[in-house]
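J.: Dropping a prediction and its sequence here:
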Amino acid sequence: MNTTCPRCNSDNTSSYQMIYSGGTATGSFKALSYGLNSGAIGTGGKTKSQTLLAQQTTPPPIPTIEVSQILFAVLAGILVFIVFSSATGVGLIGLGLGVAIAIIIIGLFMQRLQPQTLEWQKRIMIWQESWMCLKCGHSWHNKPKVRQIVEKPIREPLKRQQIIVHRTDSTKSEE
């Protein structure tokens, strides 16, 4: 595997995976305090710290079902249960029907997620084979198979000359 930068021939390169994992730190904390008037108060949470380079090489997010979609399915199931049970007086059948409706709705949401999952699998494979030169900032794919999949090149970092400054007065933009 060639890890030399194709632009500047530097060997000071790293994979996106290594840049991301080396520049990302996560943790959790728990704290307990005691006040004379308020008593004991506990708190806790999670922390995440990232370098700018790790943010630039973040892997594609995994497609998931939203909490609101699950909540919608559960509420639809409860509604079916209430309506069916009050109309027929048979609670067990209404419960079964409500659970079935909730499962069907979640299944439909998961079916809509399948194309996104296939796209994510392609994008994660590209990410796993992506490299960056730590000298000039150039990014590339290291495997020919991945290069064939990629329809657009990896976004290059903006150079100072590419940034257009818009002014509010009558002067022209600088390049």
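T.: Everything's here; your move.
J.: for the chain, what spans make up the helices?
T.: 16-22, 52-56, 67-88, 91-128, 144-149 (DSSP state H).
J.: which residue is nearest the middle of the chain?
T.: For the chain, the residue nearest the mean C-alpha position is Pro61 (2.5 Å; Cα atoms, centre = their mean).
J.: so what's it closest to, chain neighbours aside?
T.: Nearest residue to Pro61 in three dimensions, chain neighbours excluded: Trp120, at 7.9 Å (Cβ to Cβ, 6 or more residues apart in numbering). Backbone N, C-alpha and C define where each C-beta goes, glycine included.
J.: mind checking how far the one you found is from Leu79?
T.: Plainly put, Trp120 is 33 Å away from Leu79 if you go by Cβ to Cβ, to the nearest Å.
J.: who has more neighbours, the two?
T.: With neighbours defined as other Cβ atoms under 10 Å, Trp120 and Leu79 compare such that Trp120 has more, 17 against 12.
J.: Just name the shakiest helix or strand of the protein by mean pLDDT.
T.: Ranking every helix and strand in the chain by mean pLDDT, DSSP states H and E puts helix 144-149 at the bottom, with a mean of 58.
J.: my read: the residue nearest to Pro61 touches Pro63, true?
T.: Yes - in this structure, Trp120 is within contact of Pro63 by Cβ atoms under 8 Å, at 5.4 Å.
J.: which residues of the protein score low on pLDDT?
T.: 144-175 (pLDDT under 70).
J.: if you set the cut-off to 80 instead, what comes out?
T.: 1-2, 33-40, 85, 87-94, 142-175 (pLDDT under 80).
J.: Relative to Glu129, how far out is the residue nearest to Pro61?
T.: Remark: distance between Trp120 and Glu129 (Cβ to Cβ) = 15 Å.
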